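Trainee: what shape does this take:
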Amino acid sequence: MEGALTARDRVGIQDFVLLDPHTSETAFMDNLKKRFTEDLIYTYIGTLLVSVNPYKELDIYNKKQMDLYMGVNFYELPPHIYALADNAYHTMLAEANNHFILISGESGAGKTEASKKILQYYAVSCPSTTLLDTVRDRMLVSNPVLEAFGNAKTLKNDNSSRFGKYMDIQFDSQGDAVGGHILSYLLEKSRVVHQNHGERNFHIFYQLVEGGEDDLLHQLGLERDCKHYNYLMQGECANVSSINDKNDWKTVRNALSVIHFDESDIQYLFGVIASVLHLGNVQFDVDKNNHASMNSNAELRWVSKLLGVHVQVLQEALTYRKIEAKSEEVLTPFTVDHAIYARDALAKAIYGRTFTWLVNRINESIENQDSTRKTVIGLLDIYGFEVFFVNSFEQFCINYCNEKLQQLFIQLTLKAEQEEYEAEGIEWEPVQFFNNKIICDLVEEKHRGIISVLDEECLRPGSATDLTFLEKLEEKMGNHPHFVTHKLADKKTRKTLERGDFRLLHYAGEVTYCVVGFIDKNNDLLYRNIKDVMRQSQNAIVKQCFSSLEPDSRKRPETVATQFKNSLLGLTEILMSKEPWYVRCLKSNENKQPGKFDDVLVRHQVKYLGLMEHLRVRRAGFAYRRRYEVFLKRYKPLCPATWPHWRGVPADGVEKLVKHLGYQPDEYKMGRTKIFIRYARTLFATEDAFEICKHELATRIQAKYKGYRAKGEFRKQKEAATKIETCWRGVQARKERERRAWAVKVIKQFIKGYMTRGQAKTTDNSEYLAFVRQSYLNRLRDNLPKTVLDKTTWLTPPPVMAETSEILRKLHYRLMVRKYVRGITPQRKAQLELKGITSVIFKGKKDSYPQSVGVPFVDTRISEQDINVRILQTIRPERIKYSVPVVKYDRNGFKPRERQLILTQAALYLADETKIKQRVTYASLKGISVSNLGDSILILHVTSENPKEKGDMVLQCDHLFEALTKLSVIANKQNAIKVVQGSIKFDIQAGKESYVDFSTGPESMAYKAKNGHLMVVSPRMKAR
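Mentor: Numbers count the residues shown, from 1 in each chain. Just a heads-up that it's a prediction; the model follows:
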């Protein structure tokens, strides 16, 4: 902690005891705010921990942080809740006595979270076994169960604890957490039947409705809508953005299993919760006698079913009161108001007793089975001082509780201070402080206190009201300095008080209470006949809660305030027998906004938690105390006599040190084991001197150390260099020898493999063959053929790879073919299909075919604009498929004439520039002849039986293969085309024949030969 004093201007002081001036509330607030701004939410007042809720996640609660604080001196590290938990634990082990940690603060200040962090720390830091882990798990998961049944959303906090909780964690002599026990105080039962605007009922109701399984809700007669239930909608805020009831339901269900609730108990428990919801919906009518009556009421039947009570019996209990007169019993009917009161009283009683049963069941689950002596650490998470706009009976009880705890707090703090002084042989100086016993007596004194007056008014016969109670208070306490009412106040004060109010001056300030509801809330009566009905219940939990063994006294039961006073006295006795540790929780702002520090709100809490009072008591004597060994170890560099080592008794060393530093006699005292420093400024001056000295020492030590390191480093480097040289030479020599031996072995193996390469695989040639295979595959990879037509460049394989090479060759060509085919466009595909037909007809038959392969076919050779309009009009219905210019040789004389050959779907036409010369249907086309030479002559053989009809046509076409392929496809005449060697006979007309002779020559020509035939000469084709 002392190390942080140098940064006190930036991050504040970690312990308020060292604050100067310590009596200034402004200085206190400035220090708190300065630390909060740096996300330092924890600050000490001696051993008391002040915690400011940051309303955001801070990375200070992980496993690493837990390990850091385990077994460390309290002031060695920055303030943390883990430090307080760890020191309480180790002090308990060392002294074998009991301790408790009191966590207090306003609703929403973080009390519940603080108790969770302490439990989690003990779960991680204590020794572990399977049995102990089970106990810890149950203790940890008891939190969400108790939160579900005992917490609710209030105006100030979405998860406000509406009961006080004291948990004892039991440890054995080894420090193992072996069990626990929970006590609960003053559950706010009135919340079951009434909530203020903006508040909710207990969480479990909403969790059941929103998260319960459909089958379960059906069994319980519930609907998945909170708006259907009167007890859930009075605050008009069933849905809260910060609460996920569905997820919380799953957590509670899982927790109940871990705590070992069997399924039947869980069903009974949810039945009780559901019965309260149904009970809130029970309605009463007014009969003709102005009495309460119930007709058909479905909600009452569900209550009857879930509680296991006959519906008629239950209806009678809610509408009639049983009065015993001597030996007779008389049923008196309720008015509607009385019936509603009885209904609500039953709902509160069922829920309150079930909560007590639940706490007892958890205690059974975490109870320590070993009867040997145990030490305990208690955790008291209890409501802080509450001041609302309207303060009622609940706030009166809560603030009375805080008065008692403040009284205990001051007593224990003074006692601890006095014991430390006596142990160290330091004279005790009496401390002036406000003794709040006068306020405690005002509330709890027998026959005269407020609780006694309230009980008398509740018990007396006649029409006792809240106002008659207030009048009695004014009679008995009219002169008390800490009590005032509207009637007793002066004119100025009277303006701030209503006629039904009384004001108490608590240790933390004034609180005004409204007496409305005090009588009813203190009575909290449940009629005896209703209790009798509940004892008949078939629900196992309700039966235990309203046990038949419960004394059926004719006396009225104790009032709520008396019960609470007695339980508080019992708690005080428990705490007085233990060593105290304190956590005070503060809200940083009302809106739960991260990083916002509301000065007015925080100052209000500092006042109501009595933090300044505690600081004043803690600083009344000496601000700082440390064991001699610790003090001397830190500050010995400040004195030449104690630096660097003090060989004598630590107390003597400290005496020399403080004299050298110039401490005045009134600034310090020497105890038996500790030095006590009175003023914080004395410690600050010492720490500042140490900070300066530390830098000077660091420079000197650094220089010495650097020289020492440099000399040692040089010697090491010289020795290392020699060793490295020796080792390096040896390593290199060994490597060279190994490399040569390896080379000889490899060469020998290679030669053997080469010599036996033609033999079957053996150990001698296996590596050589592998080398050959790899070498061939590498070369083949770099020299693969690039096109499908490349059939010659495939590498010749060695014998061992012949079969593999053939498989790879086929795969490679197949892959290239597949790539080529996938890359072909539809137009290209059609072109190739036509070329394929041409190949079938002419390949290997006609000499000029090879030259035509590379020439692409076109759709037509003559556009429609070049065909005579009259011809077009004639043949257009048949759809022109293809046209090409040709030369027609006359049948007599063989005179050449230019013509157009037009192919349609139905026929072919031979036309000149003006008219159609001849039409041949495809059916009358009996054949087509061409020569096997390189000419471009084709003869169309036409069927002609009439001598007057024209005969076969002899044509010359430059695009012979294209025209014939198109014709064969259009007319489906692939088999009609003949490639003829020698002369071709054709019919001039029916009964008259002629011939076309073919030969080769230097140039192409066609003429009528002497024999009367048409002679066609074509040049010789070069072989491809």
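Trainee: what segments of the stretch 601-750 of the chain are strands?
Mentor: Counting by DSSP state E, counting those that start in this stretch, one finds strands in the stretch 601-750 of the chain at the ranges 624-627, 668-670, 674-677.
Trainee: which one of these lies nearest to L910?
Mentor: Each of the strands of the stretch 601-750 of the chain has some distance to L910 by CB to CB; the shortest is strand 624-627, at 128.6 Å. Every C-beta, even on glycine, is put in place using the N, C-alpha and C of the backbone.
Trainee: which strands or helices does the closest one pack on?
Mentor: In terms of contact count using 3 or more CB pairs under 8 Å, 6 or more residues apart in numbering; DSSP states H and E, strand 624-627 is assigned the packing partners strand 674-677, helix 680-755.
Trainee: which residues sit against the shortest one?
Mentor: Contacting residues not belonging to strand 674-677 are listed as 424, 426, 621-628, 631, 654, 658, 667-670, 683 [CB atoms under 8 Å, 6 or more residues apart in numbering].
Trainee: that strand pairs with which strands, parallel or anti?
Mentor: For strand 674-677, the paired strands and their directions (DSSP bridges) read strand 624-627 (antiparallel), strand 668-670 (antiparallel).
Trainee: show me the domain layout of this protein.
Mentor: Following the TED database, one gets these domains for the chain: 126-381+528-550, 630-732, 780-819, 837-1018.
Trainee: next one: the third one to chain centre, how far?
Mentor: Yep, that's domain 780-819 we're talking about. With CA atoms, centre = their mean, to the nearest Å as the basis, the distance from the averaged C-alpha position of domain 780-819 to the chain average is 59 Å.
Trainee: now do that domain: distance from first to last residue.
Mentor: Using CA to CA, to the nearest Å, the end-to-end distance of domain 780-819 comes out at 20 Å.
Trainee: so how many other residues sit close to M755?
Mentor: By the criterion of other CB atoms under 10 Å, M755 has 12 neighbours.
Trainee: checking my notes, V996 in a strand, right?
Mentor: Yes - the assignment for V996 is a strand, going by DSSP: H, G, I helix; E, B strand; the rest coil.
Trainee: that one touches I984, doesn't it?
Mentor: Yes - at 4.8 Å, V996 counts as touching I984 under the criterion of CB atoms under 8 Å.
Trainee: common neighbours of the two, please.
Mentor: Common contacts of V996 and I984, defined by CB under 8 Å, 6+ apart, comprise 931, 939.
Trainee: for the helices and strands packed on strand 624-627, give me a markdown table that also has distance to L19 and mean pLDDT.
Mentor: What follows is the helices and strands packed on strand 624-627, written out as a markdown table (distance: least, CB to CB, whole Å; pLDDT from 0 to 100):
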| stretch | distance to L19 | mean pLDDT |
| --- | --- | --- |
| strand 674-677 | 14 | 79 |
| helix 680-755 | 7 | 86 |
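Trainee: and these as CSV, adding distance to H181?
Mentor: Rendered in CSV, the data for those read as follows (distance: least, CB to CB, whole Å):
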stretch, distance to H181
strand 674-677, 36
helix 680-755, 41
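Trainee: highest mean neighbour count out of the ones you listed?
Mentor: Among those, the stretch with the highest mean neighbour count (mean count of other CB atoms under 10 Å) is strand 674-677, at a mean of 22.
Trainee: could you dump the helix or strand hosting A148 to CSV, C-alpha only?
Mentor: A148 belongs to helix 130-150 when assigned by DSSP states H and E. What follows is the C-alpha trace of helix 130-150 in CSV, where atoms were taken according to Å, rounded to 0.1, in the frame of the first residue of the first chain:
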residue,chain,number,x,y,z
THR,A,130,-14.9,-34.4,-4.7
LEU,A,131,-16.9,-34.1,-1.4
LEU,A,132,-15.9,-30.5,-0.9
ASP,A,133,-16.6,-29.6,-4.5
THR,A,134,-20.2,-30.8,-4.0
VAL,A,135,-20.6,-28.7,-0.9
ARG,A,136,-19.2,-25.6,-2.7
ASP,A,137,-21.4,-26.2,-5.7
ARG,A,138,-24.5,-26.3,-3.5
MET,A,139,-23.4,-23.2,-1.6
LEU,A,140,-22.8,-21.3,-4.9
VAL,A,141,-26.1,-22.4,-6.6
SER,A,142,-28.1,-21.6,-3.5
ASN,A,143,-27.7,-17.9,-4.4
PRO,A,144,-29.8,-18.0,-7.6
VAL,A,145,-32.5,-20.0,-5.8
LEU,A,146,-32.7,-17.5,-2.9
GLU,A,147,-32.5,-14.6,-5.3
ALA,A,148,-35.4,-16.0,-7.3
PHE,A,149,-37.6,-16.4,-4.2
GLY,A,150,-36.3,-13.5,-2.1
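Trainee: what about R897, which SS state?
Mentor: Three-state assignment for R897 (three-state DSSP): strand.
Trainee: for stretch 28-46, which positions count as buried?
Mentor: Of the residues in stretch 28-46, those buried by neighbour count under the rule 16 or more other CB atoms under 10 Å are 28, 31-32, 34-36, 40-46.
Trainee: nearest to A123, of those residues?
Mentor: Each of these was scored against A123 by CB to CB, and Y42 proved nearest at 20.4 Å.
Trainee: which residues touch that closest one?
Mentor: Applying CB under 8 Å, 6+ apart to Y42 gives the contacts 49-51, 78-81.
Trainee: just give me the neighbour total for R891.
Mentor: Burial of R891, expressed as a neighbour count using other CB under 10 Å, amounts to 19.
Trainee: got phi/psi on the residue nearest the centre of the chain?
Mentor: Within the chain, one residue has its C-alpha closest to the average C-alpha position: by CA atoms, centre = their mean, that is N247, at 12.7 Å. In this entry, N247 is assigned phi and psi values of phi -70, psi -40 (degrees, to the nearest 10).
Trainee: and N435, that one's in a helix?
Mentor: No - with three-state DSSP as the criterion, N435 is assigned coil and is not in a helix.
Trainee: how close does the closest residue to it other than its chain neighbours get to L442?
Mentor: With CB to CB, 6 or more residues apart in numbering as the criterion, N435 has its nearest non-adjacent residue at 7.6 Å, and that residue is I410. Here the distance between I410 and L442 works out to 17 Å (CB to CB, to the nearest Å).
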